[in-house]
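>>> What shape does this take:
(2 chains)
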2 protein chains.
Amino acid sequence: MVWVRARVATSRKQGKALCFLQLRQSMHTAQAVVFAKEGELVGFAATLPRESVVDVFGEVTLPAEAVASCSQSAVRRLYCVSRAMPELPLQLEDAARSDEQLAADPSLTRVNQDVRLNHRVIDLRTAANQGIFRLQTRGAPLGPARLLSPLGFTEIHSPKMIGTASEGGADVFRVERDAYLAQSPQLYKQMALMADLDRVFEVAPVFRSENSLTHRHGTEHMTEFVGLDMEMTFFEHYHEVLDMLDRTFCAVFDGLNQSHQEELAAARFTRSETDERARARIRERLDARGPESLAEHADTEDMGTEDEKLLGEIVAELHGQDYYIIDKFPAAVRPFYTMPDPTDPRWSNSYDIFIRGEEVTSGAQRVHDPQMLLDCAKEKGVDLSPIYSYVDSFKYGAMPHAGGGIGLERVVMLFLGLPNIRKSSMFPRDPKRLNP
Amino acid sequence: MVWVRARVATSRKQGKALCFLQLRQSMHTAQAVVFAKEGELVGFAATLPRESVVDVFGEVTLPAEAVASCSQSAVRRLYCVSRAMPELPLQLEDAARSDEQLAADPSLTRVNQDVRLNHRVIDLRTAANQGIFRLQTRGAPLGPARLLSPLGFTEIHSPKMIGTASEGGADVFRVERDAYLAQSPQLYKQMALMADLDRVFEVAPVFRSENSLTHRHGTEHMTEFVGLDMEMTFFEHYHEVLDMLDRTFCAVFDGLNQSHQEELAAARFTRSETDERARARIRERLDARGPESLAEHADTEDMGTEDEKLLGEIVAELHGQDYYIIDKFPAAVRPFYTMPDPTDPRWSNSYDIFIRGEEVTSGAQRVHDPQMLLDCAKEKGVDLSPIYSYVDSFKYGAMPHAGGGIGLERVVMLFLGLPNIRKSSMFPRDPKRLNP
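Residues are numbered from 1 along each chain as shown, chains lettered A, B, ... in the order given. Okay, here's the model as predicted:
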């Protein structure tokens, strides 16, 4: 007997005592049977719209390969995590049909390319699309990073904003009135999760215009930097995601400290100790007193840069640690898509990771309920109507999820103790610099 | 006795019979001694400007760690591969000084941040910068791709051009009059090589505006796609780079075919055979007849899309191969930075890699002589004055180099036999689509 989180592919009631559920996880589907002896469960199961996300407890196994026929499993408990809207803009079974099937039966519904792209999050859930996009990562161990690194290649990140049309003027993209450069992949990585990719990351340039430069979460006068972004669904608590971020950071730092002495020495870095127990103690302590200590400022105020640096010094002094995490920031200082703390909406399920008193990662659990998202946006004065696709993506059954964004240049700068962020950017961009 | 390619760090003549050369490869330096018995060699060695690239034959070993003192090696032969301009905009030894050194002696020359960034290619050659940027890749096996992939993460590439300011309007970058979106990382990856990074690759978005869409090397109506770009120095012949590209492609295809059956099946891919000998035969044959067969068109004409597809069918029929390489394209149809064939300037040292009659990679040896670069640009009517940093980067000693650019979506589309490039882009962008 196991707990399984999956989507409802189909739900078919048979009399009062029986309901056949077809569940799906990425490319895999399984039959599950809900019996009447579970009280209201059959009626409840029958009302679940397709694509809703459910937690199922019972004899459920999702097979390694898709099953067409019935492999019935008894469901003992059934919760709806996220209810899809009853009328989806397109049906997955329509989008999933092969050309052969469509050719054999002209009466079958076809889904044209434009409809697919307009509602891409659903379209991406077909087995074919799951294959395409998962393959790209399954191929990652065979990709350039893995294959070329041992051959002496250095991965670089060159700027996407340039001062002139470098290769002739014919096809340069001087961005026109209707397009903008992405400030982060935030909404898209969430949409990818909503397309059942479960866990995603991206390494890519992000852009911030000059107005952002005085903001403390800004990028220290860089208008273009490399974002390491990750986002994942979680099962019980957003600390699953925070732990993942923590483990990843520590693994990278420990690995660099152990095996790259020469480069570290050349970059004049003084390595710092990392101690698992010390990390845990600090996290506990900050978890415990975080909101209270912040409350000494004011509910709606963020910590100032000076206070952050002071905290960094205190942590270093008390614990010999340059690296620590602060959890539960005030809701008012975080973006509209941040999940409020369910026990007290003045706080939020959000966190920052610090090195030497400076933030390197900002992350949070995200709102996955479309109405709550609209309410949060309204409260913060954000108009979501231009990005209806994003809001809509939570209407087709949404997984609880959290993630974070890491600025590559900031991490490198702070890990190496470099004095200026431009030192860790190969060809830095700021309001006054588009060259070389 | 070995051949070594290195930079001239310093050159100091002592009388008529002796010249002390200090050579440098990335962070490593070594002393080499040129004796008079080599004829004119001492006088020649003494005239070499700092940062020139030389080939040295003799008892030369570049130590694993920097040597301050003299570990003399006898030089028997010495060639200048690329002569740096005699007066560099900044001296590496100035740029390399530590804060401690500068504090101890106020009379020492300082290099301020702006000068460093204006002449970034030289600045990047300091041991500190080499440490910073090489570290980022040495850390790649510890990076997100390696660490997160086994945990079930999918790497995604989300669009950088979006239809609205997604996270509030304050700091979105509506690109202004003086900035453009990069059409490729071409010039920057070459500049990275000129900064002695030797071999670089990048995976990042590139942008092409609507005017490019009728061009055969275009991206089939995609205005934003993911570029897999690589560039490397070579020692004797640009086919070293072509072989590297070939081996990488085959390794990825073979690996995907062997270990990712499920995703391939889900994406409805018919796998094709790859046979080392067949590949070699085709390459020989195309190498041999390439220019002649192209000459049947006209010197200045590229192959048409229809001819390319026909050639793809012929190759498949004759050799059972979907994958092949064409070498030596006419110079007139390639960009200004393409190296002409030294035996006949109507042709160029350029190549395309094809899958099923469609180009997936375009690459070439690049011009590394600044005067030749200016001449080639003039001939093609390209004004290089706005990108003087690029031209200048070859004036400080330039390594022969070649590379290529791969469109991720095109490779996925053609490898999987997908009917439309939008199938292999998660959130595709074209002139009519900025949503979702």
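>>> all strands for the stretch 201-350 of chain A, in order.
With DSSP state E, counting those that start in this stretch, the ranges of strands along the stretch 201-350 of chain A come out as A:224-233, A:323-327, A:350-355.
>>> now for the ones you listed, which one comes closest to B:Ala195?
Of all the strands of the stretch 201-350 of chain A, strand A:224-233 sits nearest to B:Ala195, with 17.5 Å by CB to CB. In this view, the C-beta of every residue, glycine as well, is placed from N, C-alpha and C.
>>> Spell out which helix or strand contains the residue of the stretch 1-150 of chain A found nearest chain B, please.
Of the residues in the stretch 1-150 of chain A, the one nearest chain B is A:Gly131, at a distance of 3.0 Å by CB to the nearest CB. In the assignment (DSSP states H and E), A:Gly131 maps to helix A:127-138.
>>> that older thread, out of the strands of the stretch 201-350 of chain A, flag the one nearest B:Pro436.
When the strands of the stretch 201-350 of chain A are ranked by proximity to B:Pro436 (CB to CB), strand A:224-233 comes first, at 16.2 Å.
>>> does that closest one come close to chain B?
Yes - judged by CB under 8 Å from any CB of the partner chain, strand A:224-233 and chain B are in contact via A:228, A:230, A:232.
>>> can you check stretch A:78-96 too?
No - residues of stretch A:78-96 are not located near chain B by CB under 8 Å from any CB, the shortest gap being 10.4 Å.
>>> CA atoms only for that stretch - export them in CSV, please.
This file holds the C-alpha atoms of stretch A:78-96, laid out as CSV (Å, rounded to 0.1, in the frame of the first residue of the first chain):
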residue,chain,number,x,y,z
LEU,A,78,-8.3,9.5,-2.3
TYR,A,79,-7.6,13.3,-2.0
CYS,A,80,-7.9,15.9,-4.7
VAL,A,81,-4.7,18.1,-4.6
SER,A,82,-5.8,20.3,-7.4
ARG,A,83,-9.1,20.3,-9.3
ALA,A,84,-8.8,20.9,-13.1
MET,A,85,-11.4,23.1,-14.7
PRO,A,86,-14.2,20.8,-16.0
GLU,A,87,-13.9,21.9,-19.7
LEU,A,88,-10.3,21.9,-20.9
PRO,A,89,-9.3,23.9,-23.9
LEU,A,90,-8.2,20.7,-25.5
GLN,A,91,-8.5,17.0,-24.7
LEU,A,92,-5.3,15.1,-24.2
GLU,A,93,-6.6,12.1,-25.9
ASP,A,94,-7.2,14.2,-29.0
ALA,A,95,-3.8,15.8,-28.9
ALA,A,96,-2.2,12.4,-28.4
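>>> related to what we said a few turns ago, save the strands of the stretch 201-350 of chain A as a markdown table, and put in mean neighbour count and mean pLDDT too.
Compiled in a markdown table, these are given as follows (neighbours: other CB atoms under 10 Å in any protein chain shown; pLDDT from 0 to 100):
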| stretch | mean neighbour count | mean pLDDT |
| --- | --- | --- |
| strand A:224-233 | 23 | 86 |
| strand A:323-327 | 22 | 88 |
| strand A:350-355 | 23 | 92 |
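>>> Turn these into TSV, columns for distance to B:His221.
Output for the strands of the stretch 201-350 of chain A, formatted as TSV (distance: least, CB to CB, whole Å):
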stretch	distance to B:His221
strand A:224-233	26
strand A:323-327	45
strand A:350-355	40
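>>> just checking, A:Glu409 is part of a helix?
Yes - counting by DSSP: H, G, I helix; E, B strand; the rest coil, A:Glu409 falls inside a helix.
>>> Can you tell me, leaving aside adjacent residues, what's nearest to it?
Distance criterion CB to CB, 6 or more residues apart in numbering or on different chains; nearest residue to A:Glu409, sequence neighbours excluded, is A:Ser424 at 4.4 Å.
>>> My read is that that neighbour contacts A:Phe415, right?
No - the criterion here is CB atoms under 8 Å, and A:Ser424 misses it with A:Phe415 at 9.1 Å.
>>> Burial check on the residue nearest to A:Glu409, number of neighbours?
For A:Ser424, the neighbour count with other CB atoms under 10 Å in any protein chain shown is 27.
>>> Show me where the stretch 51-200 of chain A has its helices.
Assigned by DSSP state H, counting those that start in this stretch, the helices in the stretch 51-200 of chain A fall at A:92-95, A:99-104, A:113-118, A:120-123, A:127-138, A:144-148, A:186-192.
>>> Ranked by average pLDDT, which of those falls at the bottom?
Ranked by mean pLDDT, the helices of the stretch 51-200 of chain A bottom out at helix A:144-148, which scores a mean of 63.
>>> per-residue confidence at A:Pro335?
90.
>>> Please apply the same query to the one 5 residues further on.
With respect to pLDDT, A:Pro340 has a value of 96.
>>> which residues does it contact?
A:331, A:347-349, A:376 (CB atoms under 8 Å, 6 or more residues apart in numbering or on different chains).
>>> For it, which residues count as its bridge partners?
A:Ser348 (DSSP bridges).
>>> how near is it to A:Leu242?
Distance, A:Pro340 to A:Leu242, by CB to CB, to the nearest Å: 17 Å.
>>> quick one: low-confidence parts of the stretch 251-400 of chain A?
A:258-303 (pLDDT under 70).
>>> again, only this time at 50
A:268-279, A:281-283, A:289-295, A:297-299 (pLDDT under 50).
>>> Which other helices and strands does the helix or strand harbouring A:Gln365 contact?
A:Gln365 is part of strand A:358-365, with elements assigned from DSSP H and E. With contacts taken as 3 or more CB pairs under 8 Å, 6 or more residues apart in numbering or on different chains; DSSP states H and E, strand A:358-365 sits against helix A:239-259, helix A:305-319, strand A:350-355, strand A:401-407, helix A:408-416.
>>> Tabulate these (a markdown table), appending distance to B:Tyr323.
A markdown table is the format used below for the helices and strands packed on strand A:358-365 (distance: least, CB to CB, whole Å):
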| stretch | distance to B:Tyr323 |
| --- | --- |
| helix A:239-259 | 36 |
| helix A:305-319 | 54 |
| strand A:350-355 | 44 |
| strand A:401-407 | 37 |
| helix A:408-416 | 34 |
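>>> Nearest to A:Met27, out of those?
strand A:401-407 (19.8 Å).
>>> Is there any residue in whichever strand in chain A runs longest that contacts chain B?
Longest strand in chain A, counting residues (DSSP state E): strand A:2-14. No - judged by CB under 8 Å from any CB, strand A:2-14 and chain B are separated, with a smallest distance of 13.6 Å.
>>> CA atoms of that strand as PDB?
Presented in PDB, the C-alpha positions along strand A:2-14 are these (Å, rounded to 0.1, in the frame of the first residue of the first chain):
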ATOM      1  CA  VAL A   2       1.600   3.300  -1.100                       C
ATOM      2  CA  TRP A   3       0.700   6.900  -1.500                       C
ATOM      3  CA  VAL A   4       0.900   8.100  -5.100                       C
ATOM      4  CA  ARG A   5       0.400  11.500  -6.600                       C
ATOM      5  CA  ALA A   6      -0.900  11.400 -10.100                       C
ATOM      6  CA  ARG A   7      -3.200  13.000 -12.600                       C
ATOM      7  CA  VAL A   8      -6.700  11.800 -13.400                       C
ATOM      8  CA  ALA A   9      -6.600  10.700 -17.000                       C
ATOM      9  CA  THR A  10     -10.200   9.400 -17.000                       C
ATOM     10  CA  SER A  11     -12.900   8.700 -14.400                       C
ATOM     11  CA  ARG A  12     -15.800   6.400 -15.200                       C
ATOM     12  CA  LYS A  13     -18.500   5.500 -12.700                       C
ATOM     13  CA  GLN A  14     -20.100   2.100 -12.900                       C
END
